[in-house]
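**Q** next comes the sequence, and after it the predicted model I'd like to discuss.
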Amino acid sequence: MTTRSHRASGLVARGLILAAILPCACQRHARIQSRPAGPPEFYRGPSPQVEFPLRVSDNHRALVDQYGRPFLIHGESPWDLVISPTWDEAIEYLDNRRAKGITTLLVELIERKAWPNVAPHAPNTVRGLVPFLRPGDFSTPNDAYFDYAHSILAAVRDRGMEVLLTPAYMGYTEMDEGWWDEMSKADAAACAAYGAYVARRFADLDNIVWVHGGDRMPPPGSSGEACGLAIMRPLVALPNSLHTGHWNKGVADNGSLDEPAFAPFMKLDAAYTYGLSYYRCQVESEREPALPVFLIETQYEGEHNTQPFEFRRQAYWADLTCGAGQVVGNLPLWSFAAGWRDQLESEGTHDMIRLRELLAPLRWVDLQPDERHSLVTRGYGSWGSTDFVTAASTPDGHLAIAYVPSTGTRARTVTFQMDRFSGPVSVRWYNPTRGTFTAAEGSPFPNRGVQPLTSPGDNGTGQNDWAVVLEAP
């Protein structure tokens with residue numbers, strides 16, 4: 001999350017074995033949609049068909065469901081979904097986000113910090129359910145609390161949405177917000193027992209990706225790290241389980257493989273940065289072993305004076321460079337604080353709808369980033385700068401997408417190598433603030449030589465960011 005610590009002051013940050021793993025629970029909650037009978041298709045609407053559990057795609061660039069259908073992590077961060085809204089409010093939120101094409105939610109299973117005017121009742125739910133019968137004692141989980149949490153996560157699953165779930169959010173360094181102190185004091189047996197309890201309790205929900213850490217990089221060999229590992233091991237033993245990490249060294253610019261003790265268990269690489277998302281995504285994409293990379297956290301809407309064009313560019317950059325998708329956040333929506341309903345229709349919300357609508361009909365899962373500028377040869381700006389143009393294309397020469405970030409209101413000219421395409425190239429500019437296409441003047445173009453393409457300029461908001469789609473038969 002924005003570190004709650006970052007969030008708190010801005011509201012700074014967000015700030016987050018199995019002695020025996022039981023057999024997999026095979027009883028599933030009733031599914032909203034039946035198993036698809038036809039061939040896999042790309043998502044083209046607000047309610048995606050998805051058959052959980054998810055798995056890593058063959059090209060290690062994304063997630064796919066049990067039928068091999070690509071699953072784009074198009075997410076949001078309602079960290080306090082379990083504790084802050086009432087049941088009816090939680091369902092209202094889930095139905096709203098499902099209708100808007102959100103596929104993934106980043107949530108805390110247990111929340112510790114009580115923020116004034118945010119979650120003053122934490123770690124209890126708004127109705128008073130406590131996570132532990134003895135405060136902070138991992139060996140005393142309260143069945144009633146976890147029953148309620150299960151019902152919330154089952155409701156997420158029944159809407160075809162994935163949950164990125166932190167079993168024990170550690171909390172931003174030097175901020176009194178996560179469970180780090182309790183984890184550091186707990187004995188190994190208590191941590192292992194809690195991990196085993198969570199594994200048993202949620203084994204029947206196959207829409208969970210487990211997120212370890214939470215805004216903190218535990219010191220190697222520390223008791224807090226040992227507790228986190230003890231909690232993780234029973235979860236790793238669950239069939240088909242996926243795991244990722246949310247680390248922070250004190251500067252939010254990390255990936256899931258940066259914590260050596262946890263790295264062998266990671267199946268997804270979560271890029272976390274408040275810098276340039278394309279830079280962090282490229283760093284993570286070059287790691288070995290190759291894992292699907294997604295942006296788990298960056299600038300939140302409503303925090304740190306983030307402007308709409310800054311919010312957009314982090315997401316577009318991430319989708320074209322990380323590859324597996326991205327997760328955005330909003331204050332006050334992450335905590336369901338006062339005014340959260342107003343943010344259900346925020347500018348950032350609708351910009352993300354438009355991003356989803358751009359990618360959904362296209363073969364986004366096959367896109368490969370243009371790291372060597374063999375596609376975009378001129379006009380791409382400066383690496384390490386906010387004017388940098390990210391681009392990606394399919395190896396077969398049928399599709400390319402580029403995002404031209406805002407530099408003001410004037411048109412920008414970007415040059416493409418057209419020999420990369422398999423035939424005549426149709427070119428459309430996509431307005432990320434309106435969701436409309438404009439055919440490039442002169443389109444279609446021959447698939448030879450280089451072709452300068454000039455964006456339409458001001459997109460109607462006083463900014464000049466555009467996406468451009470190039471397609472060959």
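**A** Everything's here; your move.

**Q** residue 463 and residue 452: what is the separation?
**A** Noted for residue 463: a distance of 22 Å to residue 452, by Cβ to Cβ, to the nearest Å. Bear in mind the C-beta positions are built from the backbone N, C-alpha and C, glycine included.

**Q** kindly report the same for residue 441.
**A** Residue 441 sits 11 Å away from residue 452 when distances are taken as Cβ to Cβ.

**Q** about what we covered before: who has more neighbours, residue 463 and residue 452?
**A** residue 463 (22 against 11; other Cβ atoms under 10 Å).

**Q** the more buried one falls within a strand, correct?
**A** No - judged by DSSP: H, G, I helix; E, B strand; the rest coil, residue 463 forms no part of a strand; its state is coil.

**Q** quick one: contacts for it?
**A** 308, 309, 406, 408, 409, 433 (Cβ atoms under 8 Å, 6 or more residues apart in numbering).

**Q** recalculate using a threshold of 6 Å.
**A** Counting by Cβ atoms under 6 Å, 6 or more residues apart in numbering, residue 463 makes contact with 309, 406.

**Q** do the same with residue 212
**A** Here residue 212 is in contact with 232, 245, 262 (criterion: Cβ under 6 Å, 6+ apart).

**Q** pLDDT score for the first one?
**A** Reading off the per-residue confidence, residue 232 sits at a pLDDT of 98.

**Q** just the second one next, same as before
**A** As summarised for this prediction, residue 245 has a pLDDT of 98.

**Q** that one touches residue 255, doesn't it?
**A** No - using Cβ atoms under 6 Å, residue 245 is not in contact with residue 255, being 8.0 Å away.

**Q** for the residue nearest the centre of the chain, helix, strand, or coil?
**A** Geometric centre of the chain, nearest residue: residue 327, 2.9 Å, by Cα atoms, centre = their mean. Using three-state DSSP, the three-state assignment for residue 327 comes out as strand.

**Q** which residue comes closest to it once chain neighbours are left out?
**A** By the measure of Cβ to Cβ, 6 or more residues apart in numbering, the closest residue to residue 327 outside its immediate chain neighbours is residue 75, 3.6 Å from it.

**Q** residue 339 too?
**A** residue 332 (5.3 Å).

**Q** neighbours of that neighbour, just the number please.
**A** Residue 332: 20 neighbours (other Cβ under 10 Å).

**Q** tell me where the model's unsure across this structure.
**A** Across the chain, residues meeting the criterion (pLDDT under 70) sit at 1-48, 114-116, 174.

**Q** please repeat the previous calculation with a cut-off of 90.
**A** Applying pLDDT under 90 to the chain flags residues 1-49, 59, 113-121, 172-177, 249-252, 289.

**Q** that one - how does it break down into domains?
**A** 46-365, 367-471 (automatic domain parsing).
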